[in-house]
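> Here's my sequence, what's the structure:
(2 chains)
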Protein chains: 2
Amino acid sequence: MKLRLIAISTLVAATALTATIVNAQFAKPDAAIKYRKAAFTVMGTHFGRIGAVVKGEVPFNKEDVAKNAAIVASMSHLPWQGFGPGTEGGDALPSVWSETAKFTSNSEKLTAATAALNTAAQSGDLDAVKKAFGAAGQACKACHDDFKKKG
Amino acid sequence: MKLRLIAISTLVAATALTATIVNAQFAKPDAAIKYRKAAFTVMGTHFGRIGAVVKGEVPFNKEDVAKNAAIVASMSHLPWQGFGPGTEGGDALPSVWSETAKFTSNSEKLTAATAALNTAAQSGDLDAVKKAFGAAGQACKACHDDFKKKG
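Presented below is the predicted three-dimensional model:
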């Protein structure tokens, strides 16, 4: 059986703004935890598809890499709103709430790194994609090392 | 404690294309199921935020509604790739795979309805948002009725 896929062609012009909010976005902490996990799952899936190309496991297709990078860059803005006060738990370490400034800084570094990856991907230059992918991967790892439960 | 939120301002220019693929997107069915659930969770969260405004539970803020609608419209393209051959399970009924044409048609209706919601939201016209939200909600329900496990 084959399934028709609605492919996405997205032009993302994302501007990172900062705002001070209390966690009024989610009715219950579990909803915030579910949301942030979901956002990371979608982001990670498309990031992984670029990774497969970078590793040479999948042939380089400029259009596919550009689509995946646009999704990654767009998704990179979303998970953070799911880490509001009172939403401790899931895969998050308590340090998320005790080292908020560092966590926020890391989140902004990831957003910037994925924006750079998207720029490289839209250019269609595989070498640029590889370099930007590596930098974005480091931004993921830096945050996971300090703020995500292991294993 | 307060948490800084990286707000998103996204201009989405999405074109729905169709392509015939086999399910090479995911290494394992569980990954496809997790992905599609995650995409629906993100989409549903932001759709729900517009719903709260439509219901009068949250004051109308044009910028917030526009941001949420842009995310919903962008996300509406994603879940379908997680319903490939061999990915039966999760909340999906077997009808997804036995009535593929109808399922695909429903997915295209949702994508169109969320694009219309985004157009209404970007216009800042609350009445237009309410109308488009209702239509998009019907597109959600139509698919859930036939293709999603109840409860």
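> Check A:V22 and give its pLDDT.
On pLDDT, A:V22 comes in at 35.
> what's the spacing between the closest residue to A:A69 other than its chain neighbours and chain B?
Using CB to CB, 6 or more residues apart in numbering or on different chains and skipping residues adjacent in sequence, the residue nearest A:A69 is A:A121, 3.3 Å away. No exception for glycine: its C-beta is placed from N, CA and C like everyone else's. Separation of A:A121 from chain B (CB to the nearest CB, to the nearest Å) stands at 16 Å.
> quick check: angle from the lengthiest helix in chain A to helix B:29-54?
As assigned by DSSP state H, the longest helix anywhere in chain A is helix A:29-54. Put simply, helix A:29-54 runs at 130 degrees to helix B:29-54, going by axes from the mean of the first three to the mean of the last three CA atoms, to 10 degrees.
> Tell me which residues touch the residue nearest to A:G90 when sequence neighbours are not counted, please.
Residue nearest to A:G90 in three dimensions, not counting chain neighbours: A:I33, with 4.1 Å by CB to CB, 6+ apart. Applying CB atoms under 8 Å, 6 or more residues apart in numbering or on different chains to A:I33 gives the contacts A:G82, A:T87, A:G89, A:G90, A:A92.
> Just list whatever residues bridge to the last one.
Going back to what we said before, that points to A:A92. Per DSSP bridges, the residues bridged to A:A92 are A:K148.
> Please work out how many residues are found near it.
19 (other CB atoms under 10 Å in any protein chain shown).
> likewise the third one?
Residues within reach of A:G89, counting by other CB under 10 Å, total 12.
> before we move on, what about the fourth one?
Here the neighbour count serves as a burial measure; for A:G90 (other CB under 10 Å) it reads 18.
> Could you do A:F103 as well?
When neighbours are defined as other CB under 10 Å, A:F103 has 22 of them.
> low-scoring pLDDT stretches of chain A, where are they?
Residues of chain A that meet the criterion pLDDT under 70 lie in A:1-24.
> For it, just list every one of the helices.
A:29-54, A:62-75, A:95-98, A:100-123, A:126-147.
> ok, back up a step: how close does the residue nearest to A:G90 sit to chain B?
On the measure of CB to the nearest CB, A:I33 and chain B end up 11 Å apart.
> One more: A:S123?
To chain B, A:S123 is 18 Å away according to CB to the nearest CB.
> from memory A:V65 sits against A:V129, does it?
Yes: using CB atoms under 8 Å, A:V65 makes contact with A:V129 at a distance of 6.0 Å.
> between those two, what contacts are shared?
By CB under 8 Å, 6+ apart, A:V65 and A:V129 have these common neighbours: A:I50, A:V53, A:A121.
> ok, so of those, who is nearest A:N106?
Of all the shared contacts of A:V65 and A:V129, A:N106 sits closest to A:I50, with 20.3 Å by CB to CB.
> what's the spacing between the closest one and A:A135?
12 Å (CB to CB, to the nearest Å).
> okay, and the common contacts of the two?
Jointly contacting A:I50 and A:A135 under the rule CB under 8 Å, 6+ apart are A:L117.
> Compare those two (neighbour count), which wins?
Neighbours were counted for A:I50 and for A:A135 using other CB under 10 Å; A:I50 has more, 27 against 16.
> I figured the more buried one hits A:A70, correct?
No: between A:I50 and A:A70 there is no contact under CB under 8 Å: 10.8 Å.
> which residues are in contact with both of these two?
Residues touching both A:I50 and A:A70 (CB under 8 Å, 6+ apart) are A:A121.
> With adjacent residues omitted, what lies nearest to the spatially most central residue of chain A?
Taking CA atoms, centre = their mean, the centroid of chain A lies closest to A:S76, which sits 3.6 Å from it. In space, and not counting its chain neighbours, A:S76 is closest to A:T114: 4.2 Å by CB to CB, 6+ apart.
> contacting residues for A:S95?
A:K102, A:F103, A:D146, A:F147.
> Sort out which of those residues are buried, if you could.
In the contacts of A:S95, burial by neighbour count holds for A:F103, A:F147, counting by 16 or more other CB atoms under 10 Å in any protein chain shown.
> From the contacts of A:S95, pick the one nearest chain B.
If you rank the contacts of A:S95 by distance to chain B using CB to the nearest CB, A:F103 comes first, at 8.5 Å.
> didn't the closest one look like it was pressed against A:V96?
Yes: assessed by CB under 8 Å, A:F103 is found in contact with A:V96 at 5.1 Å.
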